[in-house]
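In: Requesting a structural model of the entry that follows:
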Amino acid sequence: MHQRLRLDSDYRLFYGEDEVALVHYRAGFSPSHYLHETTWEARKTVERSRAVKHPTFGMQLINFKRAQLDLCSRQVLEKYLSPEEATMLLRHFVTI
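Out: Presented below is the predicted three-dimensional model:
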């Protein structure tokens, strides 16, 4: 598959001769889904493109259990939020 993916100078994604406007990820939520370097290259090509990705990389990342655990930490939250906002969020989280 990777050999057929390409980007043009405007970052439009093509599979063979067909332009791809939307990419829906049914897998790719875990590093174990990327068994070969060519799989990573395909993902990188898609991510660099203007095609709409669903779910987005950020949404996939937040679904990783490790990211969920980290976001339960006041220290991590306060890197991105005020102490007051972190306190408000932490009231809704399960204590781990």
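In: Neighbours of Phe21, how many?
Out: Just so we're on the same page, residue 21 is Ala rather than Phe. Per other Cβ atoms under 10 Å, the neighbour tally for Ala21 reads 11. Yep, even glycine has a C-beta here, placed from its N, CA and C like the rest.
In: got the contact list for the closest residue to it other than its chain neighbours?
Out: Excluding the flanking residues, the one nearest Ala21 by Cβ to Cβ, 6 or more residues apart in numbering is Ala51, at 5.8 Å. By Cβ atoms under 8 Å, 6 or more residues apart in numbering, the contact set of Ala51 is 12-13, 20-23.
In: go again using 7 Å as the cut-off
Out: Going by Cβ atoms under 7 Å, 6 or more residues apart in numbering, Ala51 touches 13, 20-23.
In: Could you tell me how many residues sit around Arg12?
Out: Residues lying near Arg12 (other Cβ under 10 Å) number 14.
In: Next one: it relative to Leu22, how far apart?
Out: 12 Å (Cβ to Cβ, to the nearest Å).
In: most neighbours, which of the contacts of Ala51?
Out: Leu13 (22 neighbours).
In: Do you know the pLDDT at it?
Out: At Leu13, the model reports a pLDDT of 97.
In: again, but for the one 3 residues further on
Out: According to the per-residue confidence, Gly16 scores 95 in pLDDT.
In: Kindly report the same for Lys65.
Out: Lys65 carries a pLDDT value of 69.
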